[in-house]
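Chemist: structure for this input, please:
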Amino acid sequence: MNVPVLVLASRSPRRVELLGRLGLRPHVHPARVDETPRPGEHPALYVERLARAKAQWVHTVRDDGVPVLGADTAVVVDDEILGKPRDRAAALAMLGRLSGREHRVLTGVALADHEGVHTRVSVSHVHFRPIAPWECEAYWATGEPRGKAGAYAIQGLGEVFVKRLDGSHSGVMGLPLFETAELLHGAGIEILVAPGETPPHRPDGPF
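Modeler: Residues are numbered from 1 along each chain as shown. Sure thing, here's the model as predicted:
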């Protein structure tokens, strides 16, 4: 059996797709951690803590030495973390709060290997245009808001609401490629290489 180069501590198809853009095909091993925010916890510390916990948990459970990548994303408005909507009413309320204003999307990334756990946090500012109530209803009916932090997916129909994005598009999707590439490089994992190819010589540098 082939040993994977990287394990992803998430079942998110978006994160698998994003890693695929780097030439990686990770083994998926979802983590089991409590994702409840702590009282007064800053959103950046929250996503970093969960990313670290997910990577550590899977790395410990597997105990095979393969590096594990963990990630967590939070949509933040008025310093409040918006989780995944539990139902239609919650989704419509979230979309209503995001309508016509700016919010932040924070994604923590962690890589656990034999040397420990290294983390990065990406912060993006997303500006929504005003969204009419009927649009919120129609968007909910598509099914896309279900299971999405903040009740929208920028990689899908939700992008029609985005007037401007300052930051990382992949970070808003759930895995910032710049920060992820930094972590992978530090762990000696080659990116942008097709399976079976010999990695080219790389000079010293950030990637």
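Chemist: element containing residue 103?
Modeler: Per DSSP states H and E: residue 103 is located in strand 102-113.
Chemist: just the angle between the longest helix along the chain and strand 102-113, please?
Modeler: Of all segments of type helix in the chain, defined using DSSP state H, the longest is helix 43-62. Calculated by axes from the mean of the first three to the mean of the last three C-alpha atoms, to 10 degrees, helix 43-62 forms an angle of 30 degrees with strand 102-113.
Chemist: following helix 43-62, which helix or strand comes up?
Modeler: From helix 43-62 onward toward the C-terminus, using DSSP H and E, the following helix or strand is strand 68-77.
Chemist: who are the packing partners of that next one?
Modeler: strand 7-8, helix 43-62, strand 80-82, helix 88-98, strand 102-113, helix 177-186 (3 or more C-beta pairs under 8 Å, 6 or more residues apart in numbering; DSSP states H and E). Quick note: C-beta positions are derived from backbone N, CA and C, even for glycine.
Chemist: how about the third one: buried residues?
Modeler: Spelled out, it's strand 80-82. 81, 82 (16 or more other C-beta atoms under 10 Å).
Chemist: ok, residue 113 to residue 178 distance?
Modeler: 20 Å (C-beta to C-beta, to the nearest Å).
Chemist: between these two, which has more neighbouring residues?
Modeler: In this view residue 113 and residue 178 are compared by other C-beta atoms under 10 Å, and residue 113 has more residues nearby, 20 against 14.
Chemist: report pLDDT for that one.
Modeler: Residue 113 is assigned 95 on the pLDDT scale.
Chemist: residues contacting residue 37?
Modeler: 46, 81 (C-beta atoms under 8 Å, 6 or more residues apart in numbering).
Chemist: same thing but 10 Å
Modeler: Shown in contact with residue 37 (C-beta atoms under 10 Å, 6 or more residues apart in numbering): 43, 45, 46, 47, 49, 50, 74, 80, 81, 83.
Chemist: what's the closest of the helices and strands packed on strand 68-77 to residue 24?
Modeler: Closest to residue 24 of these is helix 177-186 (C-beta to C-beta; 7.8 Å).
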